[in-house]
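K.L.:
turn this into a structure:
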Amino acid sequence: MMIRKATEVDFNLLSELERQAARRFLSVPEATGMTAEQLEDTLSREELERAHSEGGVWIAEWAEQPAGFIATHRYQDSLYIREVDVLQSYGRRGIGTALIRQSISQARALGLSLVFLRTFREVEWNAPFYEKLGFAPITECDWTAAMERIVEVEDEWGLVRDRRQFMKLAGLARGAPVT
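P.N.:
Presented below is the predicted three-dimensional model:
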């Protein structure tokens, strides 16, 4: 497996990769509340360009084939994981973990103190997966203005608020081991 920074040439490919990876959520509609139509909606080229310039977009390749990607945004002293997707056919090979570790390394290199994300509470490859990597839930009273805006956007998309949660990995220090 190799992880590399995405280029603009990759952006069209990433939309299809995201769409294919999202199909896995069709198996757990009770945990997500998402419709098949919602799962077809992917990051726009503009969103990918913004992530590319503000945080980073990284691609995981397996045998020279794109297997997953992560898109991040920088918010003040934190890095927000906007999207992480791994094709189901490449699941359980450590690709998601490697992509998360890449974002943690990126945050440390930038001197940021926090990595955070928003995910489904009850989907086994979401919140429970991130907990294994050291992420902890963020209670609503601890949300930042950026987090409140993220939830507003999710509301516009029709995501069910109580099925999702913010999680954080705090206290990042340069040189500290990545779990």
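
K.L.:
alpha carbons only for contacts and neighbour counts from here, please
P.N.:
OK.

K.L.:
number of nearby residues for His52?
P.N.:
20 (other Cα atoms under 10 Å).

K.L.:
test my guess that it contacts Ala71.
P.N.:
Yes - look at His52 against Ala71 with Cα atoms under 8 Å: they come within range, at 7.3 Å.

K.L.:
state the mean pLDDT of stretch 142-157.
P.N.:
The pLDDT scores in stretch 142-157 average 94.

K.L.:
buried residues in that stretch?
P.N.:
147, 150-151 (16 or more other Cα atoms under 10 Å).

K.L.:
mind listing the helices for the chain?
P.N.:
With DSSP state H as the criterion, the chain has helices at 11-22, 29-32, 36-40, 45-54, 95-109, 127-132, 145-157.

K.L.:
hmm, who's touching the fourth one?
P.N.:
Spelled out, it's helix 45-54. Applying Cα atoms under 8 Å, 6 or more residues apart in numbering, the external contacts of helix 45-54 come out as 6, 8, 11-12, 57, 71-74.

K.L.:
okay, now the unreliable bits of this structure?
P.N.:
173-179 (pLDDT under 70).
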